[in-house]
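A.B. asks: from the sequence below, what's the structure:
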Amino acid sequence: MSFHDRSSELSRINALAAGATMSVSPWTWQVLTLAQELHAVTGGRFECGVGARLVRWGMLPDHGHVTPDSGSMTDLVLLANHGVQALRPVCLDLGGLAKGFAVDKAVEALTASGIMRGVVNAGGDLRVLGDAPQPIHVRDGSERRQPRYLGELAGGAMATSASYPAGQANPTGMDGVLVNPFSQRPIHGDTRYTVLAPTCAVADGLTKALAVEGHLAPDCLARYSALALVA
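C.D. replies: Numbering: from 1, shown residues only. So this is what the prediction gives:
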């Protein structure tokens, strides 16, 4: 699911011609399925089809997949037996979802090994396994070095995404810029968007949708038993 790897399944999807199909692994299929679901539930605020924009901004490598009409998440059709079809060329970036999914898979591996309690922390994406409450923090937007205590979390996940002031889109050299899928512009403002949810993949994806307008519809949050915080 790496955009950076030319041979990844995601890169192969992004290289598909209009109407072409391919098969993907079950895990990639699960992430794409959740991506389309979140796109629909959030009214398009969660959108993986921003890869072309990030390539043009120099935030992602150019593998030659960017076209003037690169489509959105809705231009990818999920077929039976883990097949996918591009209705038109797409340039998807799964960076807003795949790390949370990886955290969930790590928790599944712990559970399968008989581990009853633990924490998987992937930096911005965290999940607590078991009923022992763990303190959770998020960096304060007004003072980057001072984490803000949010409370305790047990048997659930949290994810945080951040926007940055204009002219400072990528200060760490590691995190990608947040994109407003409607305006196709960067989301600026020294703000942290945090979502707590039962799974990390859902929390991860909803932070990107939350960043678009600073809020999510109550029915969207209720659907996933999620809470949102903007700070």
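
A.B. asks: could you chop this structure up by domain?
C.D. replies: For the chain, the domain assignment from automatic domain parsing gives the residue ranges 9-86, 98-230.

A.B. asks: off-centre distance for the last one?
C.D. replies: Distance of domain 98-230 from the chain centroid (CA atoms, centre = their mean, to the nearest Å) equals 9 Å.

A.B. asks: end-to-end on that domain?
C.D. replies: Using CA to CA, to the nearest Å, the end-to-end distance of domain 98-230 comes out at 22 Å.

A.B. asks: and the average pLDDT for that domain is what?
C.D. replies: For domain 98-230, the mean pLDDT works out to 88.

A.B. asks: swap in the first one?
C.D. replies: Summarised as a single mean, pLDDT over domain 9-86 is 94.

A.B. asks: distance between the ends of that domain?
C.D. replies: Using CA to CA, the end-to-end distance of domain 9-86 comes out at 13 Å.

A.B. asks: centre of the chain to that domain, how far?
C.D. replies: Average the C-alpha atoms of domain 9-86, do the same for its chain, and the two points are 13 Å apart (CA atoms, centre = their mean).

A.B. asks: for the longest strand belonging to the chain, name the packing helices and strands.
C.D. replies: Secondary structure of the chain read by DSSP state E shows that its longest strand is strand 143-153. When contacts are defined as 3 or more CB pairs under 8 Å, 6 or more residues apart in numbering; DSSP states H and E, strand 143-153 packs onto strand 134-140. Where C-beta positions appear, they are placed from N, C-alpha and C, glycine not excepted.

A.B. asks: still on that earlier bit, hmm, who's touching the longest strand of the chain?
C.D. replies: Strand 143-153 is touched from outside by 126, 128, 133-140, 158, 194, 196, 229, 231, with contacts defined as CB atoms under 8 Å, 6 or more residues apart in numbering.

A.B. asks: run me through the strand neighbours of it, direction for each.
C.D. replies: Strand 143-153 has the following sheet partners, assigned by DSSP bridges: strand 134-140 (antiparallel).
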